[in-house]
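Novice: Requesting a structural model of the entry that follows:
(one chain, ligands or ions: 2)
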Amino acid sequence: MRFGFSTAGESHGPAEVVIVHGVPAGLRLLAEDVDRDLARRQAGYGRGGRQKIERDRVEFLGGVRHGYTLGSPVAMLVRNRDYANWEHRMNPAPVEDPPAPITLPRPGHADLAGMQKYGFGDLRNVLERSSARETVARVAAGAVARRLLEEFGVRISSAVYRIGGVAMDRALAAAGAEKADRSEVRCPDPEVSERMKAEIDAARRARDALGGEFVVVAEGCPPGLGSYADWRDRLDARLARAVVSINAVKGVEIGDAFEAARRRSSEVQDEIVRRGGVLGRASNRLGGLEGGMTNGEPVVVAAAMKPISTIARALRTVDLSTGEEARAFRERADSCAVPAAAVIGEAMVAVVLAEAFLEKFGGDALEDIRTSYEHYMQRLGLSAHRPDA
Ligand SMILES: Cc1cc2nc3c(=O)[nH]c(=O)nc-3n(C[C@H](O)[C@H](O)[C@H](O)COP(=O)(O)O)c2cc1C
Ligand SMILES: C=C(O[C@@H]1CC(C(=O)O)=C[C@@H](OP(=O)(O)O)[C@H]1O)C(=O)O
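Specialist: Ligands and ions are numbered 1, 2, ... in the order given. All right, here's what the predicted structure looks like:
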């Protein structure tokens, strides 16, 4: 089975669940590997009250024994503690006195198109699944992918370089990404972090919300993951799809794509040089991807997240029960979730890279994958990463 995952779960339902398939046997996998990323996703200045209720922890339901994967699907569950407050409103069983339907769709959320598409009279039926609570399950899947990639020396990090009008140089942010966990906004520059927090406070005071931009960096990828041979295999396209699938992410950039569009070729391509006897690049403007394949340089993917749509300064809408003009539905919400989105971005990049890694090196057992990987690295004259090194 090809590496990938499926999720289920409503935001205020009993739990978020994920099944990761195609995980090779023999991979060390502990609950703490997953819990670390779940906690990183919960952090971030600008989150609403929900994160005070939740304490996301994984429970393995299948695929792992005594700390190692079995080659069977890895099933994981993360309980929604908030369900205790929603048992009546979100009960899977029929209830005697159902809650009144919500009929004030929010511009910018999935509400209106979701109600039209599925024929719902209550927008709760839409918002429960369109909520980014589902990304808990994605981050759990990403942690499994990350564990696999770590065995081969691939490290994935992220940094926030813009929140609303406050920004720092993206390349500098990417270079400091491994330090971003220290900042409440995942920005490696402490001074810019403070200004970003002030920007979030100002938006919140104005009963508004903010978006921003983040960058994900994957270091240590061998050259040749993905392929130019079929459009579906192109890794840049697969990364873009995975990152744009994150709630509220509306744009993706591979390397310096938009800047490159304004420059001449000689200022854009990454020249090939010999470095210590092996092939390398004089720069990494193309984000480590050429011809839909990794080229051995760090993979750099940036993303733009639009502002959160549920705001206290409620926007105009139409009440679907009366047809009258009204103000949009408002409930507890984040005022900025860009730091969390960056962690989700890491997870999505990890999943795509793990899938491409297993396509290249095959195998359903970690040992066999290692043999194939080492043989390939030897052919290229590159040093293979060993986990005990
Ligand atoms: C981590 C995270 C937290 C979010 N929190 C909220 C929120 O509290 N309120 C809200 O309206 N939207 C929030 N969003 C955005 C919505 O989930 C998103 O706008 C919605 O699913 C509609 O999809 P679209 O914006 O991609 O079109 C959040 C997104 C992410 C990634
Ligand atoms: C629950 C999470 O994010 C939620 C994403 C979200 C949305 O509309 O996307 C709306 C909010 O839901 P609630 O009304 O329950 O507070 C966020 O808190 C989470 O990230 O764990």
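
Novice: Run a quick neighbour tally on residue 84.
Specialist: 11 (other C-beta atoms under 10 Å). From N, CA and C alone the C-beta is placed, and that goes for glycine too.

Novice: Could I get the phi/psi values of it?
Specialist: phi -60, psi -30 (degrees, to the nearest 10).

Novice: quick one, strands of the stretch 101-250 of the chain?
Specialist: In the stretch 101-250 of the chain, the strands defined using DSSP state E, counting those that start in this stretch lie at 155-163, 166-167, 212-219, 249-254.

Novice: closest to ligand 1 out of these?
Specialist: Distances from ligand 1 to each of the strands of the stretch 101-250 of the chain were compared using C-beta to the nearest ligand atom; the shortest belongs to strand 249-254, at 6.6 Å.

Novice: what does that closest one rub up against?
Specialist: 236, 239-240, 243-244, 286-287, 289, 300-306, 341, 345 (C-beta atoms under 8 Å, 6 or more residues apart in numbering).

Novice: now stretch 166-174
Specialist: Contacts of stretch 166-174 (C-beta under 8 Å, 6+ apart): 159-162, 180, 187-189, 192, 195-196, 198-199, 213, 215, 217, 298, 300, 302.

Novice: For the nearest residue to residue 142 once chain neighbours are set aside, pull up the helix or strand it's in.
Specialist: Among residues not flanking residue 142 along the chain, residue 347 sits closest, at 2.4 Å (C-beta to C-beta, 6 or more residues apart in numbering). Element membership for residue 347 (DSSP states H and E) is helix 338-361.

Novice: helix or strand right after that helix?
Specialist: Remark: after helix 338-361, the chain's next helix or strand is helix 366-379, criterion DSSP H and E.

Novice: doesn't residue 108 make contact with residue 306?
Specialist: Yes - if you go by C-beta atoms under 8 Å, residue 306 and residue 108 touch, sitting 7.2 Å apart.

Novice: what's the neighbour count on residue 175?
Specialist: 14.

Novice: Which residues are in contact with it?
Specialist: If you count contacts by C-beta under 8 Å, 6+ apart, residue 175 has them with residue 188.

Novice: ok, the residue of the stretch 251-389 of the chain found nearest ligand 2 to ligand 1 distance?
Specialist: In the stretch 251-389 of the chain, the residue that lies nearest ligand 2 is residue 332 (4.4 Å; C-beta to the nearest ligand atom). Plainly put, residue 332 is 7 Å away from ligand 1 if you go by C-beta to the nearest ligand atom, to the nearest Å.

Novice: And residue 72, by the same measure?
Specialist: Residue 72 is 30 Å from ligand 1, by C-beta to the nearest ligand atom.

Novice: and stretch 53-63, how far apart are its ends?
Specialist: 29 Å (C-alpha to C-alpha, to the nearest Å).

Novice: Could you see whether ligand 1 lies near that stretch?
Specialist: No - for a cut-off given as C-beta under 6 Å from any ligand atom, stretch 53-63 has no contacts with ligand 1; the smallest distance is 12.0 Å.

Novice: Can you check the pLDDT for residue 389?
Specialist: Note on residue 389: pLDDT of 60.

Novice: Same question for residue 275.
Specialist: Residue 275 carries a pLDDT value of 86.

Novice: who's in contact with the residue of the stretch 251-389 of the chain closest to ligand 2?
Specialist: By C-beta under 8 Å, 6+ apart, the neighbours of residue 332 are 48, 49, 50.

Novice: sorry, back to before: how about the helix holding residue 347 and ligand 1, touching?
Specialist: Yes - Helix 338-361 lies within reach of ligand 1 by C-beta under 6 Å from any ligand atom, at 340, 341, 344.

Novice: Most neighbours of all the residues you listed, which one?
Specialist: Neighbour-wise, those (other C-beta under 10 Å) top out at residue 344, 30 neighbours.

Novice: quick one, what contacts the residue nearest to that residue when sequence neighbours are not counted?
Specialist: Excluding the flanking residues, the one nearest residue 344 by C-beta to C-beta, 6+ apart is residue 135, at 4.6 Å. Listed by C-beta under 8 Å, 6+ apart, the contact partners of residue 135 are 41, 246, 247, 340, 344, 347.

Novice: How far away from the center of its chain is the helix holding residue 347?
Specialist: 7 Å (C-alpha atoms, centre = their mean, to the nearest Å).

Novice: what mean pLDDT does that helix have?
Specialist: Mean predicted confidence for helix 338-361 is 98.

Novice: Does anything pack onto that helix? Which helices or strands?
Specialist: strand 4-8, helix 31-42, helix 135-150, strand 155-163, strand 212-219, helix 235-244, strand 299-305, helix 366-379 (3 or more C-beta pairs under 8 Å, 6 or more residues apart in numbering; DSSP states H and E).

Novice: export those to JSON lines and tack on mean pLDDT and distance to ligand 2?
Specialist: What follows is those, written out as JSON lines (pLDDT from 0 to 100; distance: least, C-beta to the nearest ligand atom, whole Å):
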{"stretch": "strand 4-8", "mean pLDDT": "98", "distance to ligand 2": "13"}
{"stretch": "helix 31-42", "mean pLDDT": "98", "distance to ligand 2": "7"}
{"stretch": "helix 135-150", "mean pLDDT": "98", "distance to ligand 2": "6"}
{"stretch": "strand 155-163", "mean pLDDT": "98", "distance to ligand 2": "16"}
{"stretch": "strand 212-219", "mean pLDDT": "98", "distance to ligand 2": "15"}
{"stretch": "helix 235-244", "mean pLDDT": "98", "distance to ligand 2": "16"}
{"stretch": "strand 299-305", "mean pLDDT": "98", "distance to ligand 2": "11"}
{"stretch": "helix 366-379", "mean pLDDT": "97", "distance to ligand 2": "32"}
